[in-house]
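In: after the sequence you'll find the predicted model.
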Protein chains: 2
Amino acid sequence: MAIARAGSNLSQIAALLGVSSATVSNALSGKGRVSAELTEKIRATAADLGYTPSLAGRALRTGRTGVLGLVLPDIANPLFPQIAQAIEYAASNAGYGVLIADSRGSVALQTDAINRLIERDVDGIIIVPRLGTRIADIDCPVAVIDSPSTPGNTVSADHWQGGQAVVEHLVSLGHRKFLLIGNNPASNVQNDRIGGMKSCVPEGGHADVLWIERHEQSHGKGSLLGLQKKVEAGFTAFAAVSDLHALRALTELQRSGIAVPEDVSVTGFDDLVWSSVITPGLTTIRMNTAEIADVAIAALVRVIEADAGSAIPAGPVVAAKRSSVPMQLVVRQTSGPPAKAQIA
Amino acid sequence: MAIARAGSNLSQIAALLGVSSATVSNALSGKGRVSAELTEKIRATAADLGYTPSLAGRALRTGRTGVLGLVLPDIANPLFPQIAQAIEYAASNAGYGVLIADSRGSVALQTDAINRLIERDVDGIIIVPRLGTRIADIDCPVAVIDSPSTPGNTVSADHWQGGQAVVEHLVSLGHRKFLLIGNNPASNVQNDRIGGMKSCVPEGGHADVLWIERHEQSHGKGSLLGLQKKVEAGFTAFAAVSDLHALRALTELQRSGIAVPEDVSVTGFDDLVWSSVITPGLTTIRMNTAEIADVAIAALVRVIEADAGSAIPAGPVVAAKRSSVPMQLVVRQTSGPPAKAQIA
DNA sequence: CAGGGTTGATTAATCGATTAATCAACCCTG
DNA sequence: CAGGGTTGATTAATCGATTAATCAACCCTG
């Protein structure tokens, strides 16, 4: 015996009004030909009964579940909440639910996660891929949020432009010698950010890149980055590809007795939750997650709802109207004129 | 015309073997009486065809979707990733998917979020409630992860014991004068943590509580907490209810030229992602999210799967076998003997 | 006024899995 | 060897919504 649903169903409404359930369905969906009068009556009683359609029934018949899957590279990534929130909001507005799948940091598990979603018959998948992952062989529309320079990227922040904006800001304050702090050079996102930064270093300026993962391979995990020596060598601006690394740099500098922003400046990326409450407040650059989520969901939904008509399944990765969304500089207290510039 | 599913279905397997689809269903579920021989043959061909059952079909018939909803108070909360990851993992192991719903910081939206999940026919809901929210009138089993002192809590970390462990650690280092840093006294979690801390302040010791939200109401958002004065007043230990606030305290102290841990100690809560990479590494206390998620999911699944038999819907909030899970101290570099103790 | 067209509805099939009810075949046992 | 019991299967209904096909009624128009 199947369990009775709390609410009502189409045939209850139909019985109540003495019409067929097909008519009720047509009236509520606005598809078939139903007189305006009857439509009104059906809508009213549906509202009275608090009718909500059974998504299982609909899914079975239409082959679409109204659910999207969200695959995240590393759920522990502190940027995750912002993205998940934005995606959930955009999807919800488009009438879709969001099923999460965690790839727990491994590429193999990312594939597992995707398969889990497909088994649940999601209509589409949003992926924020792991470093260097190629998305392929997925049997439903996929939107990829990574970096404009990634082949098959659907939409993402314009990380390159973000990098430019950060260094332009620092240059305008008088900085010339930059230490750019990245984590892993295999990341397209990080490379774009660093590339944009480098492209704005002026004539006569200089920029070195410190890759944390490499540094930790030789010096041990969690080891000091040796920033004091860099300061002694004349670096005045420390621009990280993530607030996480900026925070690491900031605390290390503070601990060494180097004043931020009086002696040197520190900048981050992503405007993570703590960036506004630390002392000094972190200058960073924010991605417009709401916009990115909207574009990604819109692109996905367009393909999903087109698929319904044509039986031709579109290629896996969907394209969006815009593939990048500008980032916005948030100036707080960790950036200021360099000590040397004040002297000069 | 409904869209053909990628995979195969029960009747295809049945046709291939010349049996009825009921038999196939029985063989795969192990419920009806099917000869061992035939069961084996059916299982084999199902595996060959890569058969995955249609969850929509099953959901329609059984009234269960195999999906749980996860409602989070404030998705921007940096603890969220850990919890979401743990829940997703535990649910996935139990054969359930996880649909997320974000309450975006408001109680009204929390109700909306819950309703959205119910419309999608989730089998159960896990809620990490907003401050002071009462969960009621929900038409499906609910597990609440909040605090042991919250009425209707299903399972949570033992925040009180966590507070005790932190202060015991600090006391053993020689600290006697504590500034306990909370955010909002309406939070059961924060109150438990603070309560546990206070309960371990020894005879002759002293503990003040600084509530950040109150402080910001009079001093402005993001304002300094005035910790330098507290140090001058003899406080040597700054124990926050979250790593977020500990970080705020740490950077403010560093900025004031106060050395951590040489002059004073700072501790946090939750072992958020950055706590291990800052300098000095933050001493904190970690909740066993995996265990909490396991217990919550197990409790929920037990009720869901019992409901299938008895038609009696259980009361909304489910109870678990254990309602609290101990927290674990993670000692890093921000805690050490107080300066005064060294002198004395 | 015969017959094509439109309007507004109904009928009936369908998506896939589950399960109560039924049934055929066979095995025992008194 | 009649008849109850068990085994191993099938039949058929069902969950709820959607939609192609059909149909009745009516309106026009040549």
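Out: Structure's in. What do you need? Numbers count the residues shown, from 1 in each chain, chains lettered A, B, ... in the order given.
In: switch to C-alpha atoms for all contacts and neighbour counts from now on
Out: Will do.
In: packing partners for the host helix or strand of residue A:162?
Out: For residue A:162, the host element (DSSP states H and E) is helix A:159-173. Applying 3 or more C-alpha pairs under 8 Å, 6 or more residues apart in numbering or on different chains; DSSP states H and E, one finds that helix A:159-173 makes contact with helix A:188-199, strand A:237-240, strand A:284-286, strand A:328-330.
In: dump the ones you listed to a markdown table, plus mean pLDDT.
Out: Listed next are these as a markdown table, based on pLDDT from 0 to 100:
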| stretch | mean pLDDT |
| --- | --- |
| helix A:188-199 | 96 |
| strand A:237-240 | 98 |
| strand A:284-286 | 98 |
| strand A:328-330 | 98 |
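In: who wins for proximity to DNA strand C among those?
Out: Counting by C-alpha to the nearest atom of the strand, DNA strand C lies closest to helix A:188-199 out of the helices and strands packed on helix A:159-173; the figure is 39.5 Å.
In: does chain B sit close to the helix or strand following the closest one?
Out: Downstream of helix A:188-199, the first helix or strand assigned by DSSP H and E is strand A:206-211. No - under the criterion of C-alpha under 8 Å from any C-alpha of the partner chain, chain B is not reached by strand A:206-211; the shortest gap measures 14.6 Å.
In: note down every partner strand of strand A:206-211 and its orientation.
Out: strand A:177-182 (parallel) (DSSP bridges).
In: report the angle between the strand it pairs with and helix A:188-199.
Out: Orientation check (axes from the mean of the first three to the mean of the last three C-alpha atoms, to 10 degrees): strand A:177-182 against helix A:188-199 gives 170 degrees.
In: and strand A:177-182, how far out from the chain middle?
Out: Centre-to-centre, strand A:177-182 and its host chain are 25 Å apart (C-alpha atoms, centre = their mean, to the nearest Å).
In: ok, and what's touching the helix holding residue A:162?
Out: A:147-148, A:189-190, A:192-202, A:237, A:239, A:267, A:284-285, A:326-329, A:335-338 (C-alpha atoms under 8 Å, 6 or more residues apart in numbering or on different chains).
In: please repeat the previous calculation with a cut-off of 6 Å.
Out: A:192, A:193, A:196, A:197, A:200, A:327, A:337 (C-alpha atoms under 6 Å, 6 or more residues apart in numbering or on different chains).
In: report the rounded mean pLDDT for the longest helix seen in chain A.
Out: Longest helix in chain A, counting residues (DSSP state H): helix A:289-309. The pLDDT scores in helix A:289-309 average 89.
In: buried ones in the helix holding residue A:162, by neighbour count?
Out: A:159-171 (16 or more other C-alpha atoms under 10 Å in any protein chain shown).
In: swap in stretch A:200-214?
Out: Neighbour-count burial for stretch A:200-214 [16+ other C-alpha under 10 Å]: A:200, A:201, A:207, A:209, A:210, A:211, A:212, A:213.
In: now the second one: how far from DNA strand D?
Out: In this view, residue A:201 and DNA strand D are 57 Å apart by C-alpha to the nearest atom of the strand, to the nearest Å.
In: can you give me the helices in chain A?
Out: A:10-17, A:21-29, A:36-48, A:55-62, A:80-93, A:107-119, A:159-173, A:188-199, A:212-219, A:227-232, A:243-255, A:289-309, A:339-343.
In: quick one: closest of these to residue B:71.
Out: helix A:80-93 (11.5 Å; C-alpha to C-alpha).
In: that closest one packs against which elements?
Out: Under the contact criterion of 3 or more C-alpha pairs under 6 Å, 6 or more residues apart in numbering or on different chains; DSSP states H and E, helix A:80-93 touches helix A:289-309.
In: packing partners of the helix it packs on?
Out: helix A:80-93.
In: now do the helix it packs on against helix A:289-309, angle only.
Out: Going by the same axes, to 10 degrees, helix A:80-93 makes 40 degrees with helix A:289-309.
In: I figured residue A:210 hits residue A:184, correct?
Out: No - Residue A:210 is beyond contact range of residue A:184, at 9.6 Å (criterion: C-alpha atoms under 6 Å).
In: any weak-confidence spans in chain A?
Out: Scanning chain A for pLDDT under 70 picks out the ranges A:1-7, A:75-76, A:132-137, A:307-315, A:340-344.
In: what parts of it come near DNA strand D?
Out: A:2, A:4-5, A:8-11, A:21-23, A:25-26, A:29, A:31, A:52-62 (C-alpha under 7 Å from any atom of the strand).
In: and residue A:214, how close does it get to residue A:292?
Out: Residue A:214 sits 31 Å away from residue A:292 when distances are taken as C-alpha to C-alpha, to the nearest Å.
In: about what we covered before: and of the helices of chain A, who's closest to DNA strand C?
Out: Comparing the helices of chain A by C-alpha to the nearest atom of the strand, helix A:55-62 comes nearest, at 3.2 Å.
In: hmm, who's touching that closest one?
Out: A:65, B:2, B:56, B:57, B:59, B:60.
In: is it anywhere near DNA strand C?
Out: Yes - applying C-alpha under 7 Å from any atom of the strand, one finds that helix A:55-62 is in contact with DNA strand C at A:57, A:58, A:60, A:61, A:62.
In: can I get the helices and strands packed on helix A:159-173 in a markdown table with distance to DNA strand C and mean neighbour count?
Out: Formatted as a markdown table, these follow (distance: least, C-alpha to the nearest atom of the strand, whole Å; neighbours: other C-alpha atoms under 10 Å in any protein chain shown):
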| stretch | distance to DNA strand C | mean neighbour count |
| --- | --- | --- |
| helix A:188-199 | 39 | 22 |
| strand A:237-240 | 50 | 30 |
| strand A:284-286 | 44 | 25 |
| strand A:328-330 | 47 | 19 |
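In: which of these sits closest to residue B:280?
Out: Across those, closest to residue B:280 is strand A:237-240 (C-alpha to C-alpha), at 18.7 Å.
In: who does that closest one pair up with?
Out: strand A:177-182 (parallel), strand A:265-267 (parallel).
In: how far off centre is the last one?
Out: In other words, strand A:265-267. 24 Å.
In: need the contact partners of it.
Out: A:237, A:238, A:239, A:283, A:284, A:334, A:335.
In: what's the most buried one of the strands paired with strand A:237-240?
Out: strand A:265-267 (a mean of 29; mean count of other C-alpha atoms under 10 Å in any protein chain shown).
In: enumerate the residues of chain A near chain B.
Out: A:2-3, A:56-57, A:59-60, A:62-63, A:75-76, A:81, A:98-100, A:222, A:248, A:251-252, A:277-279 (C-alpha under 6 Å from any C-alpha of the partner chain).
In: nearest residue to the spatially most central residue of chain A in space, please, no chain neighbours.
Out: Nearest residue to the geometric centre of chain A (C-alpha atoms, centre = their mean): residue A:83, 3.9 Å. The shortest distance from residue A:83 to any non-neighbouring residue, by C-alpha to C-alpha, 6 or more residues apart in numbering or on different chains, is to residue A:289 (6.1 Å).
In: show me what contacts the residue of the stretch 1-150 of chain A found nearest chain B?
Out: Of all residues in the stretch 1-150 of chain A, the one sitting closest to chain B is residue A:99 (4.3 Å; C-alpha to the nearest C-alpha). Residues in contact with residue A:99, defined by C-alpha under 6 Å, 6+ apart, are A:69, B:98, B:99.
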